[in-house]
Structures are given as structure tokens and as C-alpha cells.
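# next comes the sequence, and after it the predicted model I'd like to discuss.
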Amino acid sequence: MLILGIVLFALCLLLSIAWHECGHMWAAQATGMKVRRYFVGFGPKIWSFRRGETEYGLKAIPLGGFCDIAGMTTYDELAPEDESRAMYRQKPWKRLVVLFAGPLQNFILAFILIVGLAIFAGLPNLSASLPAKIGETQCVAAVQTYDVKGNLTSPKCTGGGPAADAGLRVGDKILAINGQDVSDWDGVSSLLKNATGTVTISYERDGVTATTTMEPVPATISTIDENGKPDHTSKSMVGISPASVPWKQYNVVTAFGGAAVFTGQLIGKTWDALLQMPSKVSALWHAVNGGARGADTPTSVVGASVIGGQAADHGAWSFFFFLLASINLFLGLFNLLPLLPLDGGHMAVVGYEKLRDRIRAARGRSAGGPVDYMKLMPPTYAVIAVMGAYMILAVLADIINPIKVF
């Protein structure tokens, strides 16, 4: 099932890219431009057919797809009858609609997947703080070492721990610590980590409020960051962990509103992760050289497909489709970056032409011609080189030191 799951997820990624290109194609056709070809894949042609003025087909290398719109730049060879329909000759709003339609398709697909998750599995609140509710009690070792994923590696302690010995149980809601009210787990952690001497904890269990006391254990926490660097901190611990944020269930009517909120939260987190990508180069390089692989390091299509396959193998279909939705949001946002050859780069060119022509008009001058893309090729090649190197590094990390979710 693992291999089948990997293939299935890779196919879903290919269809996501094809869906992206459908957005460009449909918008171009709707605004009067000519779409000459729409293909899934690259390389030698396997099969195609023609409908109207567009050739549709499949190519041998299933690593994406493309939509060939006549006259994307002035260097595009055009038949005489297609000159007036060239993309570069169209009004700016039409060109922007066509360029934005691709990323929009990724956002739409992600939203559809999230609506499905809301109905069949529920959704967590990504912006919610962890409740001040005990999810687990455990023993406390004086010295604790954790790996880059946050897993305790040593030592393995025994016993109930201060909290369990004091009578706290899983499901108890902490109300106050040493007389100070708490509303979420951040408050619990803040008050406990520097506590000394006897600590008084008020809690609620089955609607009944009670109080207990315990002695925190001073502990040294040794962690390894994603770059392999050790970090040591000291804090007081009583041996409790938070309960996770409960997933909210939706029906067909409420799923759309819940999915809209969740999608907005996920877009924010995806954008933050996108901005952090340059800082993750050293972490990927560390992973390639045998260091610990952080769960938050970027992954390639190879790694994502393997994780998706693992999810399918374990029957975790909710995670499978959540991962697919997340990747579609990432693809949509990534393509909006104002860098050529991304859609956002072409949109920036259109914006520049519009702003330039307004300035020229204010000075009593006629509109300028289309931007010469040949002059933009050096920075375009630089972007392609950087993105290609990053992709190769991520692929190597996924092969040599893959992220293991299951």
C-alpha cells in the first residue's frame, strides 16, 4: 500500500499542477486570447487531440504541465491572424486575470479539500491556544535530552512524577497556580517553569473544583536545533503535558464557513513558512550531511509524495488530503511572488507597464511599448538557478534523510 500511496499522491500533485494550468487556459479563452496548446507533462508527446483552436495532450515526463498562450511576449512567433489576440497586446486587467487565474485554481482546490475534511473529519483551530487541560502526566528526570523533532532520547525515567503523585489526572482543567488564574497552557507553562518550593494548583474535574500541592523538580533540558546545534535550559517541571486543541465537527451547511476560517489561518501559516525558506538552507544542508532532519524543514515533491504514501499506508486519509491542500496553498502563494518566471513576476511586469504609462500620460507622452523580456533574462536565469539548487538540495535531503511522520 505504501508504493501505491506514493504513486497516488504524486498523481494528485501532477493533477494539481494541471489544474493550475487550466486556470490560465480558461481565463485566456474567456478574455479572447488564443490558447494554442495545453499539455500535462513535458518532453516527447505521447498523445493529443485538437478541439477548436487548442491542442490538448500528454507528454512523457510527468513533472508538471504548461499552457501555451499566443503572444505572451513580443518574441513569440505569431501567425498574422493572431496578431490582434496576442497576450502582450491585451488590456492590463485581462493579462492580470489570466496570470492570477492559475494560483487561484490552487486556492480553490485547497478550499474544496478543506471543505471535504470539515464534513468528514472535522478541523482544528490553528489560531487557538492550547487549553489549560492536562493531556498526559509523566515522570520527570533531572536531565533530559531531546532530538530535533522534540522526542525524548534520554534518560528514560520511571514513576508518576510530582503532578501524578499529587493526584492530578488526564482531563483535569487547571484553574490557578499559586493563586494566579490561568486560561491557557501558555499561562500554565509560564508560572511553572520558574516555580520554586511548594506549588499550589487549583483544578476542575467533572465540574468539581479542588486544590493540591506539589514540589516541582528542577530539570536541565538539552535540545538540538534543526542546524544540529545544542541548547541547554533549566526550568522547574511537575510532569504534565497539554491536551491537544479539539477538532470541531461540521455538517454540510456549516462546513463552508468553518473551511473559510481554517483556510485563512492555513494561508497565514503557509506564508510564514514561505518567508522562512531562505533560512532553512543550512538545515537542509545539515540533513544531507547526516544531521538530524527537522520536521519543519522544506520538502520536495519526492519527500511530499513519500509522506503522502505513508499516510495512505496507515489509513490516515485526513492527513493525506490535508497535506495535499497545504501544498496547493503553497503553490498558489509561491507563484504569486514577484519574481520571473513565476506568475507573480509576469504580474509585476504588467503592473510596471501600467504605472509607467500613467506617468508618461501625466507628462503628455504616449504609452510605451511592451517590456523587453530579453533584458529581464539575466535576473530570470538567476532565480531559476537559485530555485533549481534549492529543489536539488531538498530532494537530496528527502532521499538521504527523509522526514518521518508515521
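Arrived safely. Residues are numbered from 1 along each chain as shown.
# going by C-alpha atoms from here, please, whenever you check contacts or count neighbours.
Fine.
# how about low-confidence regions in this protein?
For the chain, applying pLDDT under 70 flags the ranges 128, 146-155, 224-229.
# how is it carved up into domains?
Using automatic domain parsing, the domain parsing of the chain gives 96-125+250-400, 134-242.
# so which of those comes closest to Met33?
Taking CA to CA, domain 96-125+250-400 is the member of these nearest to Met33, at 9.5 Å.
# got the end-to-end distance for that closest one?
Domain 96-125+250-400 has an end-to-end distance of 41 Å (criterion: CA to CA, to the nearest Å).
# let's have the domains of the chain in TSV, adding distance to Tyr56 and mean neighbour count.
Shown next, in TSV, are these (distance: least, CA to CA, whole Å; neighbours: other CA atoms under 10 Å):
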stretch	distance to Tyr56	mean neighbour count
domain 96-125+250-400	17	18
domain 134-242	45	17
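# list the contacts of Thr209.
Ser202, Tyr203 (CA atoms under 8 Å, 6 or more residues apart in numbering).
# where does it fall, secondary structure wise?
Assigned by DSSP states H and E, Thr209 falls within strand 208-214.
# now do that strand: distance to the chain's middle.
How far strand 208-214 lies from its chain's middle: 42 Å, per CA atoms, centre = their mean, to the nearest Å.
# beyond it, next helix or strand please.
Assignment by DSSP H and E places the next element after strand 208-214 at strand 217-224.
# pipe the domains of the chain into a markdown table and attach distance to Ala18 per row.
Shown next, in a markdown table, are the domains of the chain (distance: least, CA to CA, whole Å):
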| stretch | distance to Ala18 |
| --- | --- |
| domain 96-125+250-400 | 10 |
| domain 134-242 | 34 |
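# am I right that Phe39 is in a strand?
Yes: assessed by DSSP: H, G, I helix; E, B strand; the rest coil, Phe39 belongs to a strand.
# does the residue lying closest to it once chain neighbours are set aside sit in a helix, a strand or a coil?
Computed as CA to CA, 6 or more residues apart in numbering, the closest residue to Phe39 that is not its neighbour in sequence is Gly57, at 4.8 Å. Using three-state DSSP, the structure places Gly57 in strand.
# okay, helices next: where are they in the chain?
2-30, 92-120, 161-165, 185-193, 255-275, 281-288, 301-313, 317-335, 343-362, 377-400 (DSSP state H).
# keeping just the C-alphas, turn the fifth one into PDB.
To tie it back to what came earlier, the one meant is helix 255-275. Extracted in PDB, the C-alpha atoms of helix 255-275 (Å, rounded to 0.1, in the frame of the first residue of the first chain):
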ATOM      1  CA  ALA A 255     -18.600  23.300   6.600                       C
ATOM      2  CA  PHE A 256     -18.100  26.200   4.200                       C
ATOM      3  CA  GLY A 257     -17.800  28.900   6.900                       C
ATOM      4  CA  GLY A 258     -15.500  26.700   9.000                       C
ATOM      5  CA  ALA A 259     -13.400  25.900   6.000                       C
ATOM      6  CA  ALA A 260     -13.100  29.600   5.100                       C
ATOM      7  CA  VAL A 261     -11.800  30.400   8.500                       C
ATOM      8  CA  PHE A 262      -9.400  27.400   8.600                       C
ATOM      9  CA  THR A 263      -8.200  28.300   5.000                       C
ATOM     10  CA  GLY A 264      -7.400  31.800   6.100                       C
ATOM     11  CA  GLN A 265      -5.400  30.500   9.100                       C
ATOM     12  CA  LEU A 266      -3.600  28.000   7.000                       C
ATOM     13  CA  ILE A 267      -2.700  30.600   4.400                       C
ATOM     14  CA  GLY A 268      -1.100  32.700   7.100                       C
ATOM     15  CA  LYS A 269       1.000  29.800   8.400                       C
ATOM     16  CA  THR A 270       1.900  28.800   4.800                       C
ATOM     17  CA  TRP A 271       3.000  32.400   4.000                       C
ATOM     18  CA  ASP A 272       5.200  32.400   7.200                       C
ATOM     19  CA  ALA A 273       6.800  29.100   6.100                       C
ATOM     20  CA  LEU A 274       7.400  30.500   2.600                       C
ATOM     21  CA  LEU A 275       9.200  33.600   4.100                       C
END
